[in-house]
Each structure stands twice: as structure tokens, then as C-alpha cells.
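Participant: got a sequence here, can you build the structure:
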Amino acid sequence: MTFDTAKNIHFIGIGGIGMSALARRALAHGARVTGSDSHTSDITESLKKLGAQIFNIQQADNVPRDCDFVVITKAIAQDNPELKNIIKRKLPHQYYSEVLGDISKAHTTIAVTGTHGKTTTTAMISHVMESCGKDPSSIIGSLLVGQKSNYRSGSSKYFVVEGCEFKKSFLDLHPSILVITNIEADHMDYYKNIDELYEAFHEIVSRIPLDGVLIYRGNEKGIQKILEKYKGKHIDACQYDELIPELCIIGKHNKKNASYAFAVAKFCQCNEEDALLALKNFLGVERRMQILKNENDEAVIVDDYAHHPSEIEAIHHALRTEYPDKRLRVLFHPHLYSRTKYFFNEFVNALSHFDDISLLPIFPARETFDSSISSEMIVAELLRKNVQARVLMSLEDAYHFYSENLRIDDIFISLGAGDQYLVANRLAQR
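Facilitator: This next block holds a predicted model:
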């Protein structure tokens with residue numbers, strides 16, 4: 001029994017961005033889909049409209065009697081009642097990344113890895129390949145703007161997918177075309193040191209077949225270290241920089257993302273003019289430099305998933321370039337105690353470039369409370385640098401603060417992998 005042959009599939013953690021894409025794939029293939037998630041969201045509601053049955057409480061009885069396959073997110077704890085149930089019943093099951101691995105094994109897989117830019121680059125590649133008639137299947141790490149979907153069902157040999165380095169999940173993939181955007185320290189709650197992170201990248205690069213290719217930018221962080229060992233076919237996307245047109249989405253980092261997509265298109269023998277036109281018309285993905293509101297008589301509202309100092313710096317550069325005379329006001333939700341502690345000085349430096357900063361308490365995600373690090377510590381350092389900064393203790397506090405204090409010439413940016421985007425959404429809907 002495999003994921004693509006199963007008829008009754010249950011998802012433990014169906015509301016996750018990757019898990020929901022697999023659920024969409026299962027529904028598109030005619031499978032009956034059930035799932036559970038502790039949070040109701042637009043994603044779970046959209047899956048219900050497509051026919052999925054979703055439970056908001058995780059309990060053993062959620063797994064149907066006729067279930068023949070189960071998909072599990074790695075965020076699920078080992079004592080999860082549904083997980084214990086399927087193990088007791090000896091039901092076929094795989095983690096999300098393992099399912100991706102099986103799908104990629106059966107396709108010509110275009111995998112996008114790296115510390116930053118994975119989601120936008122994956123979406124760009126999918127859009128370009130579709131526009132050039134290559135009809136790929138795609139799983140993307142966010143919803144496409146205007147489409148409210150993170151999955152594309154195609155009929156060709158191509159499979160476009162984002163490969164995450166967390167817990168070495170991307171090593172389940174079988175890439176024919178591998179894009180590495182950059183490599184910086186991240187997920188250091190899992191990797192013992194940066195060398196161990198590089199070893200994971202070396203391993204996935206070693207899996208590229210002889211007729212495959214590695215695509216990169218030679219001036220990006222960490223790439224030269226990978227090229228020291230890799231001797232297969234490789235393409236430096238920097239050579240296409242002058243060809244990349246003006247994009248609908250702002251930021252020089254998105255021009256870089258576009259160069260990867262164009263390099264993939266060239267390797268796959270797409271028509272060059274069609275590929276460039278597709279890049280020009282690409283509308284972006286949600287939560288990646290997404291402008292939620294941009295009206296002349298009101299503040300501009302922007303949302304981005306940036307949760308690493310380098311990503312925050314890229315957002316600042318893009319917005320400062322686009323809006324040089326505006327006040328940049330940030331609501332940042334630090335993600336993970338370990339990441340906040342590891343990059344403490346870098347976060348302080350990146351945030352200090354904005355005109356006004358608010359932080360929410362650290363979003364713990366999978367981690368337990370750590371009293372040795374806090375948002376208050378970051379704010380204290382920002383205040384020492386004479387930067388306007390504060391801690392807002394809840395989403396409700398943040399909403400009321402900005403609804404009362406935003407001015408017409410402000411740019412409001414919600415940043416982070418937490419749930420601060422809900423504040424941006426409410427402000428944009430006012």
C-alpha cells in the first residue's frame with residue numbers, strides 16, 4: 001500500500017501547509033480524506049469544502065475503521081492518541097517527507113532547498129513550468145496569491161517540491177534538478193553545529209543523477225563549500241541576472257529567486273520568452289512580501305514569514321527601497337526559544353534598521369519554556385540603541401495598539417513564523 005494507491009487516507013496534523021497539499025493531492029486522486037488538527041484555519045476550511053472530514057480534537061477514534069493509510073507530520077508527539085492507535089492497529093503509515101520521497105521517486109523531481117527563498121522559488125518554478133506547457137505537479141510551502149492553493153495537479157513527469165532541511169527531511173527526496181538558494185545556520189536546535197548542516201546538504205547533492213543538475217548562485221552564502229565536493233553538472237544562475245524582467249513582487253531577493261526559476265526553465269528546454277513573461281506576471285505567494293493593503297489614504301499593510309535575521313534584513317532592504325520616505329513599523333513574533341537565543345545579536349541588528357518595532361512574546365512551537373531568553377531582552381537592546389521598541393503581550397494588544405497608532409504614511413509589516421499575521425489581516429480588513 002502506498003499513498004497514491006490508498007483509497008482512505010487519514011492525516012494527523014492535516015492543517016500544516018505541506019500536509020494540506022498532500023491532502024489536496026489525495027482528494028484530486030479520488031481518495032476519501034479524513035484528518036485532525038488542533039487549530040481551525042482557512043486551510044482546514046478549504047479542505048472541508050473539497051470533501052475532507054476534519055476533527056479539531058486529536059483522539060484515537062478519529063482514525064476511521066476502513067482507513068488504509070495514514071500520513072503523519074513530524075510535529076506530532078509520540079504519545080499522540082491517533083498515532084498510538086494506528087501503531088496498535090498496524091496501519092500503513094509514513095511521515096510527510098517520506099510520502100514526498102515516494103512521489104519524487106516516480107517523477108523527474110525539481111527540488112528547492114536552502115535556508116531562505118525556498119517557497120517563493122518553488123512557486124516561481126511551478127508557475128513558469130506551467131506557463132511553458134510542462135504541466136508539473138507541485139507542492140508549495142504557502143498558498144499562491146489569487147489561488148488559495150498550495151498544490152498543483154499535473155500530468156507530466158515533472159514534480160516541483162520544496163525540500164526542508166529540518167531534521168534532514170529533504171533527504172527523503174530524489175531530485176533530478178536540485179536548487180540550493182543559500183546555506184546559513186538555522187534549525188540549530190536539531191543540528192549540533194554548522195558542519196553537520198553542511199553534511200546534510202552534501203548528502204542531498206550526492207543524490208543528483210548523472211543526467212541531473214545542481215542550480216545555485218555562486219555568490220550566495222554557503223554555496224562554495226558545497227561545490228568543493230560536488231563534481232557533477234551545475235549551473236550558476238547569476239549568469240541570467242540581466243535577463244530577469246521587472247517583477248510584480250518587490251525586492252532584490254525576489255530577482256534572485258527568479259534567476260533560479262529561469263535556470264530551471266532553460267535546463268528543461270522551455271521557451272525563453274515564455275519563461276520570462278511568466279516570471280514578469282508571477283503574483284507571489286501568501287505571507288512572502290505579501291501586500292495586504294496599499295491605498296493612497298491609508299497605511300500600507302505587509303505580511304511576511306521572515307523568521308531569520310537575514311530574511312528580516314532582506315525585507316527591510318526591499319521596503320526601504322520601495323518606500324524610501326515612509327515610516328517602517330514592524331510587529332515581529334520571534335519563533336522558537338532556541339533560534340531567538342542563537343541569533344540574539346543578529347535579530348537585534350536586523351530589527352534596529354526599522355523605524356519602530358514591537359515584539360510579541362516568543363512563539364514556542366515545538367519547544368518548552370526557556371526563561372533564559374525573551375522578547376523583553378531584545379527590546380532592551382533595541383532601546384539601548386535608541387530605537388523605538390516595545391513588547392505587546394498578546395495579538396489583541398497588538399491589534400488595538402496599531403489600530404489606534406498607524407498613520408497614513410506608515411508601512412506596517414508583520415514578520416515571523418508565529419501567528420502575528422492575524423493582526424495584519426485584521427488591520428487590512430478594517
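
Participant: let me see the ranges of the strands in the stretch 301-430 of the chain.
Facilitator: Under the criterion DSSP state E, counting those that start in this stretch, strands of the stretch 301-430 of the chain are mapped to 327-333, 356-359, 388-391, 410-416.

Participant: let's have those in JSON lines, adding mean neighbour count.
Facilitator: The way it works is simple: take the backbone N, C-alpha and C, and place the C-beta from them, glycine included. Shown next, in JSON lines, are these (neighbours: other CB atoms under 10 Å):
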{"stretch": "strand 327-333", "mean neighbour count": "23"}
{"stretch": "strand 356-359", "mean neighbour count": "23"}
{"stretch": "strand 388-391", "mean neighbour count": "17"}
{"stretch": "strand 410-416", "mean neighbour count": "25"}
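
Participant: can you list the domain ranges for the chain.
Facilitator: The record's domain parsing of the chain by automatic domain parsing lists 8-94, 107-281, 290-429.

Participant: distance to Ile54 for the strands of the stretch 301-430 of the chain - can I get that in JSON lines?
Facilitator: Formatted as JSON lines, the strands of the stretch 301-430 of the chain follow (distance: least, CB to CB, whole Å):
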{"stretch": "strand 327-333", "distance to Ile54": "26"}
{"stretch": "strand 356-359", "distance to Ile54": "33"}
{"stretch": "strand 388-391", "distance to Ile54": "35"}
{"stretch": "strand 410-416", "distance to Ile54": "26"}
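
Participant: so for Tyr260, which of those strands sits nearest?
Facilitator: Closest approach to Tyr260 among these (CB to CB): strand 410-416, 23.3 Å.

Participant: and the angle for the closest one with strand 327-333?
Facilitator: Orientation of strand 410-416 against strand 327-333 (axes from the mean of the first three to the mean of the last three CA atoms, to 10 degrees) gives an angle of 20 degrees.

Participant: for strand 410-416, name the packing helices and strands.
Facilitator: Applying 3 or more CB pairs under 8 Å, 6 or more residues apart in numbering; DSSP states H and E, one finds that strand 410-416 makes contact with strand 300-304, helix 309-322, strand 327-333, helix 421-429.

Participant: could you list the buried residues of stretch 294-308?
Facilitator: 299-308 (16 or more other CB atoms under 10 Å).

Participant: and for stretch 346-357?
Facilitator: 346-354, 356-357.

Participant: for it, measure first residue to last.
Facilitator: In stretch 346-357, first residue to last residue: 15 Å (CA to CA, to the nearest Å).

Participant: same deal with stretch 176-186?
Facilitator: Across stretch 176-186, the terminal residues are separated by 25 Å (CA to CA).

Participant: how far is that stretch from where the chain is centred?
Facilitator: Computed by CA atoms, centre = their mean, to the nearest Å, the chain-centroid distance of stretch 176-186 equals 13 Å.

Participant: and for stretch 108-115?
Facilitator: 13 Å.

Participant: outside of it, which residues touch it?
Facilitator: Here stretch 108-115 makes contact (CB atoms under 8 Å, 6 or more residues apart in numbering) with 104, 118, 121-122, 125, 129, 136, 157-165, 170, 173-184, 186, 201, 204, 221-222, 260, 264, 308, 310.

Participant: worst-scoring helix or strand of this protein, pLDDT-wise?
Facilitator: Here the helix or strand of the chain ranked lowest by mean pLDDT, DSSP states H and E is strand 290-293, holding a mean of 84.

Participant: hmm, who's touching it?
Facilitator: 145, 284, 299-304, 424-425, 427-428.

Participant: can you list the residues you listed in a markdown table and add pLDDT?
Facilitator: Shown next, in a markdown table, are those (pLDDT from 0 to 100):
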| residue | pLDDT |
| --- | --- |
| Val145 | 82 |
| Gly284 | 89 |
| Ala299 | 82 |
| Val300 | 90 |
| Ile301 | 92 |
| Val302 | 92 |
| Asp303 | 94 |
| Asp304 | 92 |
| Ala424 | 93 |
| Asn425 | 91 |
| Leu427 | 92 |
| Ala428 | 89 |
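
Participant: let's have those in a markdown table, adding distance to Arg327.
Facilitator: Formatted as a markdown table, the contacts of strand 290-293 follow (distance: CB to CB, whole Å):
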| residue | distance to Arg327 |
| --- | --- |
| Val145 | 26 |
| Gly284 | 24 |
| Ala299 | 9 |
| Val300 | 10 |
| Ile301 | 14 |
| Val302 | 13 |
| Asp303 | 18 |
| Asp304 | 17 |
| Ala424 | 16 |
| Asn425 | 21 |
| Leu427 | 15 |
| Ala428 | 18 |
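
Participant: closest one to Tyr191 out of the residues you listed, please.
Facilitator: Among those, Asp304 lies closest to Tyr191 (CB to CB), at 24.6 Å.

Participant: which residues does the closest one bridge with?
Facilitator: Beta-bridge partners recorded for Asp304 (DSSP bridges): Leu415.

Participant: tell me how far it lies from Gly416.
Facilitator: Asp304 is 8 Å from Gly416, where distance means CB to CB, to the nearest Å.

Participant: go on, Glu246?
Facilitator: According to CB to CB, Glu246 and Gly416 sit 29 Å apart.

Participant: with Thr122 instead?
Facilitator: With distances taken as CB to CB, Thr122 is found 21 Å from Gly416.

Participant: please apply the same query to Ile373.
Facilitator: Per CB to CB, Ile373 is found 15 Å from Gly416.

Participant: just Leu197 next, same as before
Facilitator: To Gly416, Leu197 is 22 Å away according to CB to CB.

Participant: for Gly232, same thing?
Facilitator: The span separating Gly232 from Gly416 equals 37 Å under the rule CB to CB.

Participant: ditto for Ala31
Facilitator: 34 Å.

Participant: what do you get for Gln269?
Facilitator: Using CB to CB, one obtains 40 Å as the distance from Gln269 to Gly416.

Participant: flag every buried residue along stretch 121-139.
Facilitator: 121-132, 134, 136-139.

Participant: show me where the stretch 1-150 of the chain has helices.
Facilitator: 17-28, 42-49, 81-89, 96-105, 118-131 (DSSP state H, counting those that start in this stretch).

Participant: mind listing residues that contact the shortest one?
Facilitator: Looking back up the chat, that one is helix 42-49. Taking CB under 8 Å, 6+ apart as the rule, helix 42-49 contacts 14-15, 17, 20, 23-24, 27, 33, 35, 37, 54, 143, 148-149.
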